[in-house]
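Trainee: output the structure for:
(3 chains)
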Amino acid sequence: MQNALSRQLTPSQKKAVFHVEGPLLILAGPGSGKTRVITHRIAALIDSGIKPSNICAITFTNKAADEMRQRAGTLGASAGAHISTFHSLCVRILRRYALKAGINPNFSVYDDADQKKCIKQAVKACELDTTNFPPARMLEALSTLKNNLTDIDSFKTQADDFFSKTLAKVYASYQTILTDANALDFDDLLFKTAFLLYNHPDVCAELGNRFKFLLIDEYQDTNHAQYKMAKNLVSTHNNICVTGDPDQSIYGWRGADIRNILAFEKDWPDATVVKLEENFRSTPNILEVADNLIAANQKRKPKKLIPTRPTGKDIVISPFDDEIEEAQGLAEQVKELTQQGASTKDMAVFYRVNSMSRVLEEAFIKNKIPYQIVRGVEFYSRKEIRDLLAYLKILVNPNDEIALLRIINTPARGIGKTTIDKVRSYATRQNITFYDALKKAHQIDSLSKAPKSKIASFVKMIDQFKKDTAGHIAPLAEHIFNESGLEKSLKDAGKDGENAIENVNELISAAAQYDEQAEDPSLLDYLQQISLFSDVDVYDTSTERVALMTLHCAKGLEFENVFIVGAEDGLLPHERTSSDDDNDQMEEERRLLFVGITRAKSGLNISYAKYRTIRGQVLRTIPSPFLFELGIDFTETPAENHYHYDDSTSQDIPQFAPNQMVRHKKFGLGTVKEFIDMGQNSVIVVQFTSGQTKSLMLRYAKLEIIENS
DNA sequence: CATAGCCGCCTTTTT
DNA sequence: GGCGGCTATG
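Mentor: Just a heads-up that it's a prediction; the model follows:
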C-alpha cells in the first residue's frame, strides 16, 4: 500500500505523508500539492493501522472540509475521520460537554447580523451614545478580546483608560444578552471551547483519546483561541500535524496570529519540519512575479518558489480609463480566451472588496458570459431564509430572543411594537424570559383583549410546530413555511415574493440533503451547522462559468486564468490599512495580492482603472505601489495630476465656468452662474430650469457636466 | 397596527 | 450608494 500511495509523490511530500508519530510542521508554499499531501497522509495513517475515527482534520472552510472528505474517500479513507472547520468542531464539543462548559446544549449560533442587534442593545443598556461607540467598532473590539481569550473579569482589571472601562461594561452587558438568549456568537464558540479544555484536563484527555491524530490546515491563519485549543487537544499525545505558509497569512484582522506557525518549533521542540517548496501549479513567469512581490515584505523568512512547469505566457498589466472600461475589457479578454478554446470554469476574477463585483456582473451580462459570484454570506442572510430559520430556531431554543422578535409579527399578525414592549417589560419585572411572558400574556394587565388573543394563537401555533421536531428537517421546514403564513405573505408580494419562494425551496432541498447525509441528524445539529455555512461553501466548480470573488475567498483555489482587477492605491492596498503607518497591515495586503497571483496556473492579468467611482464619487486613482514591485516591465507612469484619495476630504474637485450646462440629481438641468473655487470648499451657483437658483457646496452637489461653454 | 417614505448612518476582508 | 430605523399618515 505504501508503494501505491507514494507513487507520484516527491521525496519531501513522501516525508510529510509517512512521518507518523509526533509533531509535524509542513511548510507548504502555494501550489506545492499540500492538499494532496494531507489527504494522502490521512490515508497513510489509516493504512498504518490507525482507526479513521481517531483522526481529526481541521480545515479553514466547510467547502475545504467537503473536498478533503471526498478526496480522502477516493483513497479509500473517508469513513469515520472527523473532518471539519474549527467552528464546527467547537459546536460538537460544546454540545457534548455543555455541562462542563457551563452552557445549555441547545444554544443558538449568532451570526454577524444577530451580533449587531445584540451589541446595539448592549450599548443602549450601558446608556452610551452609538455615535461615540459605534456598534461595529465595539463588536470588533470584543471579537479581538475573545480571540485572545480575555474574559470579562480579567479585562475589567486591566482596563485603565476610559474607552477600555466602557468597553468592559459593554462586554459584560453583551454577554448577558447572549447568555439570556442561550446563544453563542462565532467567537464564543472558540472562546468557550478553549476555556473548557483549559479548565478540564479530563476533557482534554478524553478528546485526546478520541482524536489521536490532529491535522490543521492553513495554520498560519489560526488565532490565539484556536492555537490554545489545538495545544490542549493534543496535550496527551502531541500527534499534531499542521500545514501552512506564512506568506499566505491574510486574516490578521480577524485575530489570526502568524506567530503560531513561526513559533511551532518552539512550542513543540521535537517537531519534524518538512518544506514543500516546489510549485506544480504555475508557470515560472507567474512565480517570478509572485516571488518579486513577496520579497518586499520585511518580516519574513526568505523563500523562493521553485518552478516545475515550462515557461508560459507573459503576465499582462492593463490600464483602463474607468471601472466600466475595465470590466468591458475583461469581458473581451474572457471571450477571446474562450474562442481559443479555454473554458470559463477555469477562469476567475479577484477583487479587493465585494462592492466591485457589480460592474463586473453588468459587463458579463452584457457580453453574455456565464459567471458566478462567490460571496461571503448572501444566501443565508436573505430575509425570507432568516425568517424561516428563525421559526426553526425557536422550536429548539425558545430563549432565542432575536429569532423570536423576528418572527412574532412576520408575517404580520397584529402583534406590533406596543404589544411587544408591554410583554417585554412584564418579562423584565417578573424576571422571566420573553417567551414565557408570551405564554402568560393573558395575565398581563396592560394588554387589551385583541393583542392577548393574537399572542395566544401565536403561542399555540409554535407549540403545535414543536410537536414534530423529531423527524426530518425538510418536511418540517415546508410545513412551517405553509402554516406560519410565510408562504402566503410571499405569494401576495408579487415578483419579489416569487423569488423569495424560490430561495425557500432551495433551502428546503438543501435541508433534504442534510436529512440524508448528516452523521447525526437532528434539528439542533442542523441549525448549529447551517449557521456556520457561507456561500463560499456552496460555490460550484463544475459548471461552465467564470468565478468572481474577493481575494480573501480565493485562498486555496486555483484557476488556469486569473484576472485581478482594481490594482490601485487605496484599494489594493486598501486605504483603511495603508493610511495607517502600520507596516504589518501593508505586508498583509501584499500577501493578499501574493495569494491572488499564485492562484493562476498559466494566465495572469492584472488591471487598474485611472478613474473609479466609489460610493457615487468619481475619483482619480494611482496604480497600486505593488505593481512596481512585480519586477516586470511596467512602464505606465502616473500622469501629471494623479493624486491619492485617502479619505473623503481629498477628492477631485472639477472646475466649472459660468454658462456651463449642468445636471443635478434632484434639481435637474441648470446653468452655472458663478463658481467660487475654494478647493474642497468650492461653492457653485446654479440657475436651474425650474426657475430656482441655488448655491451648492460642490463637494456634495454631484453635478454632471452636460455641455462645456 | 401597517405602510410608505424619509433621514441618517455606514462603507474591507469572513468563520 | 444601500440599508435600517424612525416617523408620519392611513
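
Trainee: tell me what the longest strand along chain A is packed against?
Mentor: In chain A, assigned by DSSP state E, the strand with the most residues is strand A:600-614. Using 3 or more Cβ pairs under 8 Å, 6 or more residues apart in numbering; DSSP states H and E, the elements in contact with strand A:600-614 are helix A:284-294, strand A:316-322, helix A:323-339, strand A:559-564, strand A:617-620. For the C-beta atoms, the positions are set from N, CA and C on the backbone; glycine is no exception.

Trainee: adjacent strands (with direction) for it?
Mentor: Sheet pairing of strand A:600-614 (DSSP bridges) gives strand A:316-322 (parallel), strand A:559-564 (parallel), strand A:617-620 (antiparallel).

Trainee: list the buried residues of the first one.
Mentor: Yep, that's strand A:316-322 we're talking about. In terms of neighbour count (16 or more other Cβ atoms under 10 Å), strand A:316-322 has its buried residues at A:317-320, A:322.

Trainee: closest to DNA strand C among those residues?
Mentor: residue A:322 (13.5 Å; Cβ to the nearest atom of the strand).

Trainee: I'd say the closest one and residue A:612 touch.
Mentor: Yes - when contacts are counted by Cβ atoms under 8 Å, residue A:322 is listed as touching residue A:612 (6.4 Å).

Trainee: which residues do the two both contact?
Mentor: Common neighbours of residue A:322 and residue A:612 (criterion: Cβ atoms under 8 Å, 6 or more residues apart in numbering): residue A:618.

Trainee: stretch A:430-442 close to DNA strand B?
Mentor: No - Stretch A:430-442 lies out of reach of DNA strand B by Cβ under 7 Å from any atom of the strand, never closer than 11.5 Å.

Trainee: quick check: end-to-end length of that stretch?
Mentor: 14 Å (Cα to Cα, to the nearest Å).

Trainee: got a list of contacts for that stretch?
Mentor: Outside stretch A:430-442, the residues touching it (Cβ under 8 Å, 6+ apart) are A:180, A:394, A:398-399, A:401, A:404-405, A:408, A:423-424, A:426-427, A:444, A:447, A:451-452, A:455-456, A:458-459.

Trainee: from these, which are also near DNA strand B?
Mentor: Restricting the contacts of stretch A:430-442 to contacts with DNA strand B (Cβ under 7 Å from any atom of the strand) yields residue A:451.

Trainee: for the buried ones among the contacts of stretch A:430-442, write the corresponding PyMOL selection.
Mentor: Here is the PyMOL command that selects the buried residues among these (16+ other Cβ under 10 Å):
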select buried, chain A and resi 394+398+399+401+404+408+423+426+427+444+447+451+455+458+459
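
Trainee: so which of the contacts of stretch A:430-442 are in helices?
Mentor: Taking DSSP state H, the ones among the contacts of stretch A:430-442 that sit in helices are A:180, A:394, A:401, A:404-405, A:423-424, A:426-427, A:451-452, A:455-456, A:458-459.

Trainee: tell me the one of these nearest residue A:601?
Mentor: Using Cβ to Cβ, residue A:394 comes nearest to residue A:601 of the ones in helices among the contacts of stretch A:430-442, at 48.2 Å.

Trainee: surely the closest one touches residue A:406?
Mentor: No - when contacts are counted by Cβ under 8 Å, residue A:394 is not listed as touching residue A:406 (9.1 Å).

Trainee: contacts only, for the nearest residue to residue A:292 once chain neighbours are set aside.
Mentor: Computed as Cβ to Cβ, 6 or more residues apart in numbering, the closest residue to residue A:292 that is not its neighbour in sequence is residue A:631, at 3.6 Å. Residues counted as contacts of residue A:631 (Cβ under 8 Å, 6+ apart) are A:288-289, A:292-293.

Trainee: 10 Å instead, please
Mentor: Contact analysis of residue A:631 by Cβ atoms under 10 Å, 6 or more residues apart in numbering lists A:288-289, A:291-293, A:295-296.

Trainee: CSV please, covering the residues you listed and showing distance to DNA strand B, pLDDT and neighbour count.
Mentor: Converted to CSV, these look like this (distance: Cβ to the nearest atom of the strand, whole Å; pLDDT from 0 to 100; neighbours: other Cβ atoms under 10 Å):
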residue, distance to DNA strand B, pLDDT, neighbour count
A:288, 26, 94, 19
A:289, 22, 94, 24
A:291, 23, 93, 22
A:292, 23, 93, 13
A:293, 18, 94, 22
A:295, 22, 93, 15
A:296, 19, 91, 17
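
Trainee: off-centre distance for the longest strand of chain A?
Mentor: 22 Å (Cα atoms, centre = their mean, to the nearest Å).

Trainee: using PDB, list the CA coordinates for that strand.
Mentor: The C-alpha coordinates for strand A:600-614 follow below in PDB (Å, rounded to 0.1, in the frame of the first residue of the first chain):
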ATOM      1  CA  ALA A 600      -3.000  31.300 -11.500                       C
ATOM      2  CA  LYS A 601      -1.800  28.300 -13.400                       C
ATOM      3  CA  SER A 602      -0.900  29.900 -16.700                       C
ATOM      4  CA  GLY A 603      -2.700  33.200 -17.400                       C
ATOM      5  CA  LEU A 604      -2.400  36.200 -15.200                       C
ATOM      6  CA  ASN A 605      -3.900  39.600 -16.000                       C
ATOM      7  CA  ILE A 606      -3.800  42.500 -13.600                       C
ATOM      8  CA  SER A 607      -5.700  45.600 -14.300                       C
ATOM      9  CA  TYR A 608      -6.400  49.000 -12.800                       C
ATOM     10  CA  ALA A 609      -8.600  52.000 -13.700                       C
ATOM     11  CA  LYS A 610      -7.500  55.600 -13.800                       C
ATOM     12  CA  TYR A 611     -10.800  56.700 -12.600                       C
ATOM     13  CA  ARG A 612     -13.000  54.800 -10.300                       C
ATOM     14  CA  THR A 613     -16.400  55.600  -8.900                       C
ATOM     15  CA  ILE A 614     -16.500  54.800  -5.200                       C
END
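
Trainee: any idea which residue of the stretch 101-250 of chain A lies closest to DNA strand C?
Mentor: For the stretch 101-250 of chain A, Cβ to the nearest atom of the strand, closest residue to DNA strand C: residue A:117, 6.2 Å.

Trainee: give me the number of residues near residue A:238?
Mentor: Per other Cβ atoms under 10 Å, the neighbour tally for residue A:238 reads 15.

Trainee: that one sits in which helix or strand?
Mentor: Counting by DSSP states H and E, there is no helix or strand that carries residue A:238.

Trainee: so for the longest strand of chain A, mean pLDDT?
Mentor: The average pLDDT within strand A:600-614 is 90.

Trainee: got the buried residues for it?
Mentor: A:600-612, A:614.

Trainee: please enumerate the helices of the stretch 501-650 of chain A.
Mentor: Assigned helices in the stretch 501-650 of chain A, in chain order: A:523-530, A:575-578, A:583-597 (criterion: DSSP state H, counting those that start in this stretch).

Trainee: nearest to DNA strand C, of the ones you listed?
Mentor: Smallest distance to DNA strand C across the helices of the stretch 501-650 of chain A (Cβ to the nearest atom of the strand): 15.2 Å, for helix A:575-578.

Trainee: show me what the closest one is packed up against.
Mentor: helix A:583-597 (3 or more Cβ pairs under 10 Å, 6 or more residues apart in numbering; DSSP states H and E).

Trainee: need the three-state assignment for residue A:490.
Mentor: helix (DSSP: H, G, I helix; E, B strand; the rest coil).

Trainee: contacts only, for residue A:448.
Mentor: Going by Cβ under 10 Å, 6+ apart, the list of residues near residue A:448 reads A:419, A:422.
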